[in-house]
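Colleague: this is a predicted model, with the sequence first.
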Amino acid sequence: MPFKISIFYKMLIAPLLAVALFALFIINIYFQQIEGKEYIESIYQKHFPILNIANENRILLDNIIKLTEDAVVANEQTWLNNTKEYKEKIEKNFKDLSKLDIDEKTIFKMQTIFIKYFSKTIELSTLMINNSEDWNKIEILTKEMTSYLEDTR
């Protein structure tokens, strides 16, 4: 004798299937929400501090550029001393970056480029303030400084 399903049970199949699919949908949303929360937390823990440090370094770099330009225009060697404070803050920020989960080689490369840029900028500014007539050296330093500046940005 074949198994017969009553009409009542046949009518229950569609709503039970809908409830089961809805339950799977809710479970899927729950797991996506957990994954999204973890991603947001990683952004908050890692990416925001990196962006804050990058923004601060950009502002400090702009301050160095402005200060060296002003020192050359005003012909004041002592104004270049103020750039050292900004340099130290940028170097401290590189140390803070190394505490975050970033590749050490990348940080070292950025830091090296910045230090080269800074030294060339100070050297060029000093030559220009002292009214040096060594135009070849000034041209070479300007090209090097510009190249390092482009690499830092």
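Modeller: That came through, no problem. Numbers count the residues shown, from 1 in each chain.
Colleague: what sits against the closest residue to Asn75 other than its chain neighbours?
Modeller: Excluding its sequence neighbours, the residue lying closest to Asn75 (CB to CB, 6 or more residues apart in numbering) is Ile129, at 5.6 Å. Where C-beta positions appear, they are placed from N, C-alpha and C, glycine not excepted. Counting by CB atoms under 8 Å, 6 or more residues apart in numbering, Ile129 touches 71-72, 75-77, 80.
Colleague: and the residues you listed, which two are furthest apart?
Modeller: Asn75 and Leu80 (11.4 Å; CB to CB).
Colleague: identify the residues contacting stretch 88-101?
Modeller: So stretch 88-101 is in contact with 46, 49-50, 53, 56-57, 60-61, 104, 107, 110-111, 114, going by CB under 8 Å, 6+ apart.
Colleague: helices along this protein, start to end?
Modeller: 7-42, 48-74, 83-99, 104-129, 135-152 (DSSP state H).
Colleague: could I get the ones you listed as TSV with mean pLDDT?
Modeller: As requested, those are exported to TSV (pLDDT from 0 to 100):
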stretch	mean pLDDT
helix 7-42	89
helix 48-74	85
helix 83-99	86
helix 104-129	83
helix 135-152	74
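Colleague: pick the most deeply packed of those helices.
Modeller: helix 104-129 (a mean of 17; mean count of other CB atoms under 10 Å).
Colleague: that one to helix 83-99, inter-axis angle?
Modeller: Calculated by axes from the mean of the first three to the mean of the last three CA atoms, to 10 degrees, helix 104-129 forms an angle of 170 degrees with helix 83-99.
Colleague: give me the distance from helix 104-129 to the chain's centre.
Modeller: Distance of helix 104-129 from the chain centroid (CA atoms, centre = their mean, to the nearest Å) equals 19 Å.
Colleague: repeat that for stretch 11-27.
Modeller: Put simply, stretch 11-27 sits 47 Å off its chain's centre (CA atoms, centre = their mean).
Colleague: just the CA coordinates of it, formatted as CSV?
Modeller: Extracted in CSV, the C-alpha atoms of stretch 11-27 (Å, rounded to 0.1, in the frame of the first residue of the first chain):
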residue,chain,number,x,y,z
MET,A,11,-1.0,22.4,2.4
LEU,A,12,1.6,22.7,5.2
ILE,A,13,4.6,22.1,3.0
ALA,A,14,4.7,25.5,1.4
PRO,A,15,4.4,27.6,4.6
LEU,A,16,7.0,25.3,6.4
LEU,A,17,9.3,25.7,3.5
ALA,A,18,8.8,29.5,3.6
VAL,A,19,9.6,29.5,7.3
ALA,A,20,12.7,27.4,6.8
LEU,A,21,13.9,29.6,4.0
PHE,A,22,13.2,32.7,6.1
ALA,A,23,15.1,31.2,9.0
LEU,A,24,18.1,30.6,6.8
PHE,A,25,17.9,34.1,5.5
ILE,A,26,17.9,35.5,9.1
ILE,A,27,20.9,33.3,10.0
